[in-house]
Every structure is written in structure tokens, then in C-alpha cells.
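Novice: Provided below are the primary sequence and the corresponding predicted coordinates.
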2 protein chains.
Amino acid sequence: MKAKRIHRIAAITKVLVENPFKTINLNFFADALNCAKSSISEDITIIRETFKKFNMGDIETISGASGGVMYKSLVDLKETCSILQNLAKRLSRPERILPGGFIFMTDILFSPDLASKIGKIFATRFHTANPDFVVTVETKGIPLALMTANYLNLPLVTIRRNSRVTEGTSVSINYVSGSTKKIQTMSLAKRSLPQGARVVFIDDFLKAGGTIKGMTELMDEFEAKVVGVGVLISTKHPQKKLVEEYTSLLVLNEIDEFSGIIDIAPVELI
Amino acid sequence: MKAKRIHRIAAITKVLVENPFKTINLNFFADALNCAKSSISEDITIIRETFKKFNMGDIETISGASGGVMYKSLVDLKETCSILQNLAKRLSRPERILPGGFIFMTDILFSPDLASKIGKIFATRFHTANPDFVVTVETKGIPLALMTANYLNLPLVTIRRNSRVTEGTSVSINYVSGSTKKIQTMSLAKRSLPQGARVVFIDDFLKAGGTIKGMTELMDEFEAKVVGVGVLISTKHPQKKLVEEYTSLLVLNEIDEFSGIIDIAPVELI
């Protein structure tokens, strides 16, 4: 049975939104909806116009034999600022201060809704670097990294704190934590990442940068190229980090355990 | 500017698909799209018909003051079977066998695409149990659990293998691994889960059931009610598990390290 335009628009929109950064051939829609490719093209134009009008991301047409249509789940600057301002507000509540001057933020890091929003911001930031993989280190960075990978239509590779018996041959490195100066280990199964991949590294927190430096060294062992580093929060101190280039979304200026003040703010993004 | 029906359909579909199991008030759409609520109602009817026709999930209307419309990201039996058959095929490739008779499956567990599909299957399975939280134990179950939580519009709570200094007061329990008989620890920050919550537990692998038993004991400390247990893979042996009720999607019958055969198959779902 032939589907009417109004139904096709709903069906195509759903498939596109559920498959960001994935090229979908117009024949797929033509077959599923039992109509001509030219009609699908017109449907796509309508959806593109709508998304443009309401700042809902871009829809790109890729021509050629392997061509089709791709939904780019991009988020504009205005929405990004609003997400980050909200997040900074939630994170700065005094009841989040833990003994030792830490912030409780596990609930936020593991919230699918927030991880999804942050993932979209990172995807917007890094899609032009043409990464092949998103990489993170267990545990708290996983949700953000997974959602970033999801929006970029890329596989996620998770570096472990210990090599596990169930992952086969792995490469391990020792690194010195930038803030605690402790020697730590990270390892990655050999078959998790092919040689020479382009990777974007996503993590929740950057203080001195020891983890990112360790990760970069581990990536060297796989001859991988780190084409982007994104962290949700970086601390103002130490100002000199072990890593030079990174994108941080929030900056933690200060935690005052005694007065109960957490000073955290969005970074100015350009 | 007023949006035409065809544009409204695209915009509303996108918002619904990106917010599964979340009640969205019709006024939100009426305001954003600058049109009457009655028109939005008609749009929703069209989208509902389309989703029904193409097995794309349900759209439910909730009446009353706090009412609105909700997209239920449900997946039907046919699609579930097709996803699980594909997955079983991928997992049974001989090159996945690791020394010691393990299967390499990290790439699959951390694939956003597959985690998303599995998450949808678990959401379909457990949404009627009215859970308040999805719970998992680090590390490999996190992507499946996060995607399940995402499709159910619920927060995710991740139990740690060790208590961390950055999470404040936590409750720890010791448990005996069902297969290795080793004593292990799991812990959860006190403020991660309110007393008396209804939880669904999601994990990647179930052998003897020690982890799930431990998790159940930990949940007792929070007076939480475990209203569902979902695992991606359970092993045929031991047949007697430490946990009685669970939903497993795949059964691992046997791994023969010498002949290179992995016998894994979808469970018959009803």
C-alpha cells in the first residue's frame, strides 16, 4: 500500500533522527514506503526546511552511487549555552560538596538525558575532525562518551583500568596521575582498535591532565591519531595542564568546603 | 509565523522520538509551532497512525491537567528476533574465542548502535513494571543499561566495584562470585538512590548469578524493590542459578575452544 506524503514525513523523520550521521539510501525509503525516489526527495526537502526553521540540526544529501541522506544531529550555540548554564546551576548547589572538597556529580554523569545533551554538543564540536572512534577511560566518562559516539554514529572504545582476562591480548601502560602523583595503569585489548585510527577522546573531568596524557601514550601504541579531546569539566587549577589542546564545556573555578560555595561556569564557546 | 501541517508533523515527530516515555504537554507544541492545540491533536493522530502502520512504537495520549502525549519506544517481536539473530550470528564467529574459553564481545557491548537496540528491547520488556531507576554494575553493562534507561526516560544508577572517595558516604557489601567463588565488593553512594525505589537491573552476562544476588542484597540496604532483571547473555551451565527470575536475550550453550565453535542462540521470547 502506498503511503501518503504526510505519513511518509513522519516515518522518514523518525528513521533519520534515530540514525544520526548515517547515510541512508533513498531506495531504502522508496522500498519501505512503496513510492518513487523523486517523492522521497521532495519529502526530504520538506523535513530539511523544517529542521532548519526550528534549529533542529541539518539534513545533508550525499550524491553518487553510495549516496543518500544524512541527519546531522548538531546543536546550535544558543541551545548549547542554555544546556551548560542549567548544568552549571545544578552542579553548584552547596549540598553537592563532599568531604575533601569533591563534588557529587555521579547522578548527572549517569543521567541518560544529560549525557545525551552533552553527547550532542561534543558531536557538534568534533564531527568535522572526521574521527573513526570515540575513546574513553572507565568508568564515569562512559555515558558521555557513549552518547557522543551514538550521535556521531561511531564505535566506542573503552580503556580499562586493569587488563581483563576476558578481552585477550592487551596493551598496558603506566602513567602518573597529574594531581595525586600516583602510578596508575590503563590497558586496552589489542583487537579493540585497529592501527592508525583517528580518535576523539571524551572524559568527565580534567584536573592536571595525567589521564589524557596516559591515554595519548596508549594511543601511540596503536598508532592512533587523537583528533579531538573533550571533557565536561576542567578545573581552573593547575592552570598548566599536561595536555595542551582540549575542549572543556564547564570550568570549575573553586570549591569552598567551609562556606559551601561551588564556583562553576560554562566556558565561552566559539 | 504559523507552521504548516507538513512541517509540524516533522517537528513533532522529532521531539517525540528524542523523548521516549516522557509526557509532553500539547501546549508545548502549540506554543513552539504557533497553532491551536486542536491542530496539534490532529497532527498527533496522524503520527500515531503512521507509527502503528510501520511498527515504529506507540504514541499514547494522557488526559487530564498533567496530560499530554508520550512516545513509547517499543519494539515488536519480529524486529526483536531479527536483532537477536543477527547478534547471535556476530557473536558466534570463531575468531571471537579467547584463550580460556572466553568470548571477545567488548566491541559489541560498547557499540552505541547495538546498545541502543538492546536498550529498546529491555525497555519494551520492563516498562510495564513501572520502575523508577535502572541499575547496573560497572563496567561492561553500562552501555546497555544507559540505553535502557534512555528509552525508559529513567535515571541510571551504577554500582561501583569499589567505593570512591568522590561519591561521599556509601553502602558496601561483600558477595561471593557464583562462578569463581572469589569474595568481591560492590558499593553504592548513599545519595545515588532514594529509599524504597523500584529498580530494573541490567547487565551483560549471567553465569551463576553471584553478581545479581549481590546486587539484590545491596538493593535491600536501600529498601529498593527489584521489579525486573535483564541480561544480554546467560550461560546454559550451571543450570541452577543463584537468581530465579530474569530475562535473558541470548543463551550461550557452549564454547569449544578446540574446534572453534561458539554455540549461542536467541531465547524464545513470548
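Specialist: Sure, I can see it. Residues are numbered from 1 along each chain as shown, chains lettered A, B, ... in the order given.
Novice: Quick one: the strands in the stretch 101-250 of chain A, in order.
Specialist: For the stretch 101-250 of chain A, applying DSSP state E, counting those that start in this stretch gives strands covering A:102-103, A:133-137, A:156-159, A:170-176, A:183-189, A:198-206, A:225-235, A:247-256.
Novice: Just want the angle from the second one to strand A:183-189.
Specialist: Relative orientation of strand A:133-137 with respect to strand A:183-189: 150 degrees, computed using axes from the mean of the first three to the mean of the last three CA atoms, to 10 degrees.
Novice: same for strand A:133-137, what does it pack against?
Specialist: helix A:142-152, strand A:156-159, strand A:198-206, helix A:210-221 (3 or more CB pairs under 8 Å, 6 or more residues apart in numbering or on different chains; DSSP states H and E). In short, each C-beta sits where N, CA and C put it, glycine included.
Novice: May I see the strands of the stretch 101-250 of chain A arranged in a markdown table, with mean pLDDT as well?
Specialist: Converted to a markdown table, the strands of the stretch 101-250 of chain A look like this (pLDDT from 0 to 100):
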| stretch | mean pLDDT |
| --- | --- |
| strand A:102-103 | 90 |
| strand A:133-137 | 98 |
| strand A:156-159 | 97 |
| strand A:170-176 | 92 |
| strand A:183-189 | 93 |
| strand A:198-206 | 97 |
| strand A:225-235 | 97 |
| strand A:247-256 | 96 |
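Novice: Take the ones you listed and lay them out in CSV including mean neighbour count.
Specialist: Shown next, in CSV, are the strands of the stretch 101-250 of chain A (neighbours: other CB atoms under 10 Å in any protein chain shown):
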stretch, mean neighbour count
strand A:102-103, 18
strand A:133-137, 26
strand A:156-159, 25
strand A:170-176, 16
strand A:183-189, 18
strand A:198-206, 24
strand A:225-235, 21
strand A:247-256, 18
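Novice: In CSV: those strands, plus distance to B:Tyr246.
Specialist: CSV is the format used below for the strands of the stretch 101-250 of chain A (distance: least, CB to CB, whole Å):
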stretch, distance to B:Tyr246
strand A:102-103, 35
strand A:133-137, 29
strand A:156-159, 25
strand A:170-176, 30
strand A:183-189, 28
strand A:198-206, 31
strand A:225-235, 34
strand A:247-256, 38
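Novice: For the residue nearest to A:Leu193 when sequence neighbours are not counted, list the residues it contacts.
Specialist: Of all residues not flanking A:Leu193 in the chain, A:Phe222 sits nearest, at 4.9 Å (CB to CB, 6 or more residues apart in numbering or on different chains). Applying CB atoms under 8 Å, 6 or more residues apart in numbering or on different chains to A:Phe222 gives the contacts A:171, A:188, A:193-197.
Novice: who wins for neighbours among the residues you listed?
Specialist: Comparing those by number of neighbours (other CB atoms under 10 Å in any protein chain shown), A:Leu188 comes first, having 26 neighbours.
Novice: Who is that one paired with across the strands?
Specialist: A:Val171 (DSSP bridges).
Novice: Surely it touches A:Ser170?
Specialist: Yes - with contact defined as CB atoms under 8 Å, A:Leu188 reaches A:Ser170; the gap is 5.9 Å.
Novice: any shared contact partners between the two?
Specialist: A:Arg160.
Novice: what's the closest of the helices and strands packed on strand A:133-137 to chain B?
Specialist: The closest of these to chain B is helix A:142-152. By CB to the nearest CB, the value is 3.6 Å.
Novice: how much does the closest one deviate in direction from strand A:247-256?
Specialist: For helix A:142-152 against strand A:247-256, the angle by the same axes, to 10 degrees is 160 degrees.
Novice: now helix A:142-152, how far from the centre of its chain.
Specialist: On the basis of CA atoms, centre = their mean, to the nearest Å, helix A:142-152 sits 4 Å off its chain's mean C-alpha point.
Novice: what do you get for stretch A:136-154?
Specialist: 6 Å.
Novice: From one end of that stretch to the other, what's the distance?
Specialist: Stretch A:136-154 has an end-to-end distance of 13 Å (criterion: CA to CA, to the nearest Å).
Novice: The lowest-mean-pLDDT helix or strand in chain A and chain B, are they touching?
Specialist: Within chain A, confidence by mean pLDDT, DSSP states H and E is lowest for strand A:102-103 among all helices and strands, at a mean of 90. Yes - Strand A:102-103 is in contact with chain B by CB under 8 Å from any CB of the partner chain, via A:102-103.
Novice: Relative to that strand, what are the paired strands and their orientations?
Specialist: strand A:97-98 (antiparallel).
Novice: Pull the residues that contact the strand it pairs with.
Specialist: Strand A:97-98 is contacted by residues A:103-104, A:255, A:257, A:260, A:262, B:166-168 when judged by CB under 8 Å, 6+ apart.
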